[in-house]
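Asks: dropping a prediction and its sequence here:
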Amino acid sequence: MSQTNPTIVRTRFAPSPSGPLHVGGARTALFCWAYAKAHGGSFILRIEDTDQKRSSDAACQALMHDLRWLGIDWDEGPEFDGIGGGDFGPYFCSKRLDIYHKYIDQLLDEGKAYRAFETPQDLDAARNDAKRQKHNYRYDRSALKLDQATIQAYLDEGRPYVVRFKLPNDEPILVRDEVRGEVTVDPKEMDDFVILKADGYPTYHFAVVVDDELMDITHVIRGQEHLNNTAKHVLLQDALGFRRPVFAHLSLIFNPDGSKMSKRDKDKALRSAVREENIQSSPTPTISDETWQWWSQSKDHQLDLDDTVALADALNLVLPEIDVDDFRRAGYLPQVLVNYLALLGWSPGNDVEKFDRAFLIEHFDLDRIIKSHAKFDRDKLLAFNLDAIQAMSPKQFRDLWYAHCREYHPKFVEELSPEQFDMLAAANQSRSKTLDDTVKSSQFFIMADDAIEYEQTKAVRKALCNGDPSGYDHLAAIKPLLADLTDWTKDAIEPVVDKYSKEHANGKLGKVAQPLRIAVSGSTVSPAIFETLAILGREAVVNRITRCLANRQQFLDTSNA
RNA sequence: GACCCCAUCGUCUAGCCAGGUCUAGGACAUCAGGUUUUCAUCCUGAAGACAGGGGUUCAAAUCCCCUUGGGGUCACCA
């Protein structure tokens, strides 16, 4: 409609480097990327760091790392890990200040914008007044009434000012959106918004319009929170004589409980856990008392990531996963996250659900974007992840799991021999919903024999104590058979235990396997028993059985108590 | 509050734009049964939705209006 028949599609993802990349942002980036790639165009990454206070280089690096992990590579943008660069840079807003000022001056000269000298405090007060009187606040244009001499005097004395865009007229603004159709906004709903802040940085509205024009962006795909802002952008584009890109606004992603997925969710989870358990001071050794005090004072005080994780660990709390990094740590596969994210707000139709990036490049288009909000369903993601893990070759899984362990659980790499590690990977693959899933239940593989603690649960007691012969009796009987075994492999162990259970447990393998499992792991959960024994090695297995038997009386005493 | 957006199983969605083939399809979750040495898997089956009300039409999940519900925006944040 209003677009200028673009020949080459150019999309951009323009995040603010003020924190970790969350799944909502990742989905926006994915859609921008997919659309560009599906139409033979370019995907541009631009860092919207116009908020000096909140932007950080660390956040920027993390963001690019996350994008690359997901396989969302940019054709142009900051240089990172071998990609980036391009002819339309710089790709950081903070390095384009002179460009913005040129256009600000242009608007100022043409009388389409004006300087305003109110302080933030002035405006806050005015806003509060309006609120008290229950009407909507609009900037009253009082700066427009200032005469030239006064303005010059203010300027001379170095008084800080902002530049406001002067709304041109009262005509309704028509925005054509590819997913929502035509949206009209009444200018009466807006006021003369700020386009240049007192610190000399442009606001988002101004920077985005200038950058999109100069970078030849043809399609603006972004979150729905910008739908109303688009009217401002359109006005600015008209005032500056810029082209109008195609707009597509994506619906938001929500938590299963209907609340908006937000960076604050982790903090919220922590606070409610603390409240529920009525914890009054920092559980040592997690965070310092000073930090605890500060954090407790206000909901606006949020712990940094390390402290959040430390506290959550101490409370045995699983933090909600909302950032891309959370999903990586939790052991989700990037291609699965991409698949799931794409499905959350887009559908290829025909009941197709499982697909990869290549499929997206082949089929992605704006017309199948879903208009309604979506809730993030972790169960479904988990199911997809399990499917993907099960579909991998044993070698692929082993390598991936190795890399994951090396990064997040190095003990598995350090304590186990390569042969043991490979066997454990093979034993865990089909039962791993995520790369992290079996780490917890596999701890006993890397523990010292005498560090195993026997779970005081009904299932453990039953397996060990019930029946005649009891699990303990079986353990005592089978121990010498295992101790005498020379060839310690799964294939050698299996017939021995099988034979024993046929002769002494009515062929019920479970009667023998469960006590064995408990003896070596301390619990009723482990990979298949023969694999488990093979991985542990004869010495450890015999040691652990011996220890379990020696502990018999004590276990009975404590479990009766 | 004002303005804007949205509305199919519990959840993600197909179907809607081009009304009939929809006693509404799939996936995840749930439930039941089965396989299995534990957990997790795996197999089979079941239950489960067009928010409500008005229109238009021979015919409405599909088009229109209202109501209700949900969400977003109203910053010198993006």
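Replies: Cool, got the structure.
Asks: for A:A130, give its distance to A:Y114.
Replies: Distance, A:A130 to A:Y114, using Cβ to Cβ, to the nearest Å: 21 Å. Quick note: C-beta positions are derived from backbone N, CA and C, even for glycine.
Asks: look at these two and report which has more neighbours.
Replies: In this view A:A130 and A:Y114 are compared by other Cβ atoms under 10 Å, and A:Y114 has more residues nearby, 19 against 14.
Asks: who's the more buried one bridged to?
Replies: Beta-bridge pairing for A:Y114 (DSSP bridges): A:R164.
Asks: so what's it up against?
Replies: A:L108, A:A143, A:L144, A:V163, A:R164, A:K166, A:D192 (Cβ atoms under 8 Å, 6 or more residues apart in numbering).
Asks: name the nearest of these relative to RNA strand B.
Replies: A:R164 (8.3 Å; Cβ to the nearest atom of the strand).
Asks: isn't that closest one right up against A:M190?
Replies: No: look at A:R164 against A:M190 with Cβ atoms under 8 Å: they stay out of range, at 11.3 Å.
Asks: now do the shared contacts for the two.
Replies: Counting by Cβ under 8 Å, 6+ apart, nothing touches both A:R164 and A:M190.
Asks: gap between the nearest residue to A:P160 once chain neighbours are set aside and A:H249?
Replies: In space, and not counting its chain neighbours, A:P160 is closest to A:A198: 4.2 Å by Cβ to Cβ, 6 or more residues apart in numbering. Counting by Cβ to Cβ, the gap from A:A198 to A:H249 is 30 Å.
Asks: neighbour-wise, which of these two wins?
Replies: Each of A:A198 and A:H249 has its neighbours counted (other Cβ under 10 Å); A:H249 has more, 24 against 15.
Asks: any stretches of chain A with poor pLDDT?
Replies: A:1-6, A:284-285, A:559-561 (pLDDT under 70).
Asks: ranges for the strands of chain A?
Replies: Secondary structure of chain A (DSSP state E): strands at A:10-13, A:42-45, A:77-80, A:83-85, A:113-116, A:162-165, A:173-177, A:181-185, A:194-196, A:219-223, A:246-250, A:253-254, A:374-375.
Asks: can stretch A:41-57 be found next to RNA strand B?
Replies: Yes: residues of stretch A:41-57 contacting RNA strand B under Cβ under 7 Å from any atom of the strand: A:E48, A:T50, A:D51, A:R54.
Asks: tell me the contacts of the spatially closest residue to the last one that is not a sequence neighbour?
Replies: Leaving out its chain neighbours, the residue that sits closest to A:R54 by Cβ to Cβ, 6+ apart is A:S18, at 4.0 Å. Taking Cβ under 8 Å, 6+ apart, we find A:S18 in contact with A:D51, A:R54, A:S55, A:S56, A:A59.
Asks: and the two most separated of the residues you listed?
Replies: The span of the contacts of A:S18, defined through Cβ to Cβ, is set by A:D51 and A:A59 at 11.3 Å.
Asks: against A:I389, how distant is A:Y91?
Replies: 36 Å.
Asks: then A:S526?
Replies: According to Cβ to Cβ, A:S526 stands 18 Å off from A:I389.
Asks: so who does the residue positioned nearest the centre of chain A touch?
Replies: For chain A, the residue nearest the mean C-alpha position is A:D323 (1.8 Å; Cα atoms, centre = their mean). Shown in contact with A:D323 (Cβ under 8 Å, 6+ apart): A:P20, A:L21, A:H22, A:V23, A:D66, A:K263.
Asks: which of these count as buried?
Replies: Buried members of the contacts of A:D323, counted by 16 or more other Cβ atoms under 10 Å: A:P20, A:L21, A:H22, A:V23, A:D66.
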